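Asker: okay, sequence plus prediction incoming.
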Amino acid sequence: MPQQAPVVQPWAAPLASGPVDATVSVPGSKSLTNRYLVLAALADGPSRLRAPLHSRDSALMVEALRSLGATVEEVPGDGFFGPDLVITPIPHDAPASAVSVDCGLAGTVMRFVPPLAALRHGDTHFDGDPHARQRPMGAIIQALAALGIALESDDGGTPASLPFTVRGEGSVPGGHVIIDASGSSQFVSALLLVGARFQDGIHIEHAGKPVPSLDHIRMTVEVLRSLGVTVDDSVPDHWFVSPGPISSFDVRIEQDLSNAGPFLAAALVTGGTIRVPHWPSPTTQVGDLWRDILARMGASVTLDGTTLVVRGGSGILGGDFADTSELAPTVAALCALAESPSRLSGIAHLRGHETNRLEALVTEIRRMGGDAEETADGLIIRPAALHGAVLDSYADHRMATAGAIWGLAVPETFVQDIGTTAKTMPDFPALWKAMLDGRDGDRDGDTEQIPAPGTQAVS
């Protein structure tokens, strides 16, 4: 008889017994880790990532690059959350071969790797988790086709989403391509990352509604420039990448500021204090917006040297929050506990993330007795008394951490599949408990985490 899958009990979200007071460090940035991994596979020599993220998303990217012919080796490092990575790029003269890439539910893998696969000889088949087949992919598929790259769906037709096959011929002419990137900024970043390796470079033109999450495109541009790639983004909705080499590198990855959000939110929910050492400034991460958002919600926010300190006040203030991007689920979790109404706008694209996050947030807030509704491009959340419930995580790491935030203030709150947080933050439940226990999450104590000699700090 076939074995039944084990029944996983919902995670009991810990209720805060008083104000939190903790120092917290979180793993490396997913956005930076996966961008640097792609560029390492294209660089002109071996590269090293220090203190990178080790999570499901980054593991999927590593395995994708290995499938395409890159060598990725784990080596000892001084990061808190795992070894460093040394990457030997994909060889230019590798013989043609057919390979498969598992994208899981990682947007960076399903969008960044197909353009890279076009630069190798042979077929590369892409597929992922069931929900990955529902995530927007049309813009990148159409862009690759417009650049002369052959793609085919599993039924032999023209693909519109996963699964599909890229038929690589070893080179791509490049040139001008027009795309509608209103569904995801990753469509632009995917082409930017490989553009220097196209024969004529690439000129990307966006035509459509505004591109969401422009901060992520700026991150991609700054990373490319740091490696010697010439990028011209002086004309709105146009990006020009000149052909040329991509320099090998040795960089330290910043910790993920978006993933720091739930811990910082705990300071507001409990009226306590959270310190995050080694807060990068300046930084290209969208998570740096926490300094403004949390202050507007009633927290005291200071950058003491390189340590961000957030102290909660007497309550949580609602407000108007535009373009919060991947921070929106955490912002919404706080708004559901706020004493005044809130409106989140400019986040319609979240309907195409790991789940339809707008619908999911409204459903789970209402499940707890809250008052929330969708708008065309966001959410309206009004004050209401919340009660405990068993919350669905939708296989979405940010929905799971939203449930943890609610659990701080709402007794009898449970989260289905808290393990989905491993997508970008392994051991989240242990880190959350350590915060509530007041244990020091900065694993190297009072020692500053600084780049090793000859390395480049990532900003």
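Answerer: Everything's here; your move. Numbers count the residues shown, from 1 in each chain.

Asker: how about the strand or helix carrying Leu294, which residues are buried there?
Answerer: Here Leu294 sits within helix 290-296, counting by DSSP states H and E. Using 16 or more other Cβ atoms under 10 Å as the test for burial, helix 290-296 gives Trp290, Arg291, Ile293, Leu294. No exception for glycine: its C-beta is placed from N, CA and C like everyone else's.

Asker: let me see the mean pLDDT of it.
Answerer: Average pLDDT, helix 290-296: 98.

Asker: whichever helix or strand comes after it packs against which elements?
Answerer: Note on helix 290-296: by DSSP H and E, the next helix or strand toward the C-terminus is strand 300-304. Applying 3 or more Cβ pairs under 8 Å, 6 or more residues apart in numbering; DSSP states H and E, one finds that strand 300-304 contacts helix 290-296, strand 307-311.

Asker: and the ones you listed as TSV, adding distance to His238?
Answerer: TSV is the format used below for the helices and strands packed on strand 300-304 (distance: least, Cβ to Cβ, whole Å):
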stretch	distance to His238
helix 290-296	29
strand 307-311	35
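
Asker: which parts of the stretch 201-350 of the chain are helices?
Answerer: All helices of the stretch 201-350 of the chain, identified by DSSP state H, counting those that start in this stretch, fall at 214-226, 257-270, 290-296, 328-336.

Asker: so how far is the last one from its chain's centroid?
Answerer: Helix 328-336 has its C-alpha centroid displaced from the chain centroid by 17 Å (Cα atoms, centre = their mean, to the nearest Å).

Asker: and Asn356, how many neighbours?
Answerer: By other Cβ atoms under 10 Å, 18 other residues sit near Asn356.

Asker: one more: Ala145?
Answerer: 14.

Asker: ok, it - contacts?
Answerer: Leu151, Thr158 (Cβ atoms under 8 Å, 6 or more residues apart in numbering).

Asker: wait, what's in contact with the nearest residue to Asp44 once chain neighbours are set aside?
Answerer: Residue nearest to Asp44 in three dimensions, not counting chain neighbours: Pro245, with 4.7 Å by Cβ to Cβ, 6 or more residues apart in numbering. Applying Cβ under 8 Å, 6+ apart, we find Pro245 in contact with Ala43, Asp44, Ala196, Gly228.

Asker: pLDDT and distance to Ala336 added to these, as TSV?
Answerer: As requested, the contacts of Pro245 are exported to TSV (pLDDT from 0 to 100; distance: Cβ to Cβ, whole Å):
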residue	pLDDT	distance to Ala336
Ala43	98	45
Asp44	97	50
Ala196	98	44
Gly228	98	46
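
Asker: any of those residues buried? List them.
Answerer: The buried subset of those - by 16+ other Cβ under 10 Å - is Ala43, Ala196.

Asker: nearest to Ala348 among the contacts of Pro245?
Answerer: Nearest to Ala348 among the contacts of Pro245 is Ala196, at 31.7 Å by Cβ to Cβ.

Asker: about what we covered before: can you add distance to Ala338 and give the buried residues of helix 290-296 back as CSV?
Answerer: Listed next are those as CSV, based on distance: Cβ to Cβ, whole Å:
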residue, distance to Ala338
Trp290, 16
Arg291, 18
Ile293, 12
Leu294, 12
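
Asker: is Arg35 in a helix, a strand, or coil?
Answerer: helix (DSSP: H, G, I helix; E, B strand; the rest coil).

Asker: leaving out the residues flanking it, which one is nearest to it?
Answerer: Spatially, and ignoring its direct neighbours in sequence, Arg35 is nearest to Val223 (5.4 Å; Cβ to Cβ, 6+ apart).

Asker: got the contact list for that neighbour?
Answerer: Leu32, Arg35, Tyr36, Leu39, Thr284, Val458.

Asker: distance from the chain centre to stretch 406-422, please.
Answerer: Per Cα atoms, centre = their mean, the centroid offset for stretch 406-422 relative to its chain is 20 Å.

Asker: same check, this time on stretch 249-264
Answerer: Centre to centre, stretch against its chain (Cα atoms, centre = their mean), the figure for stretch 249-264 is 10 Å.

Asker: buried ones in it?
Answerer: Quick answer for stretch 249-264 (16+ other Cβ under 10 Å): 249-264.

Asker: can you check stretch 430-437 too?
Answerer: By neighbour count on 16+ other Cβ under 10 Å, the buried set for stretch 430-437 is Leu431, Trp432, Ala434, Met435, Leu436.

Asker: got a list of what the first one touches?
Answerer: Right, the one you point to is Leu431. Going by Cβ under 8 Å, 6+ apart, Leu431 touches Val24, Val26, Phe263, Met425, Gly441.

Asker: ok, how many other residues are close to the first one?
Answerer: It stands for Val24. Other residues within reach of Val24, judged by other Cβ under 10 Å, total 25.

Asker: didn't it look like it was pressed against His278?
Answerer: No: between Val24 and His278 there is no contact under Cβ atoms under 8 Å: 10.9 Å.

Asker: need phi/psi at Gly318.
Answerer: Main-chain torsions, Gly318, degrees, to the nearest 10: phi -80, psi -180.

Asker: correct me, but it touches Ala338?
Answerer: Yes: with contact defined as Cβ under 8 Å, Gly318 reaches Ala338; the gap is 3.9 Å.

Asker: which neighbours do those two have in common?
Answerer: With Cβ under 8 Å, 6+ apart, Gly318 and Ala338 have common neighbours Met297, Ile381, Pro383.

Asker: look up how far Ala385 lies from the closest residue in space to the last one that isn't next to it in sequence.
Answerer: Closest residue to Pro383 in three dimensions, ignoring its sequence neighbours and counting by Cβ to Cβ, 6+ apart: Glu339, at 5.8 Å. The spacing between Glu339 and Ala385, counted by Cβ to Cβ, to the nearest Å, is 12 Å.
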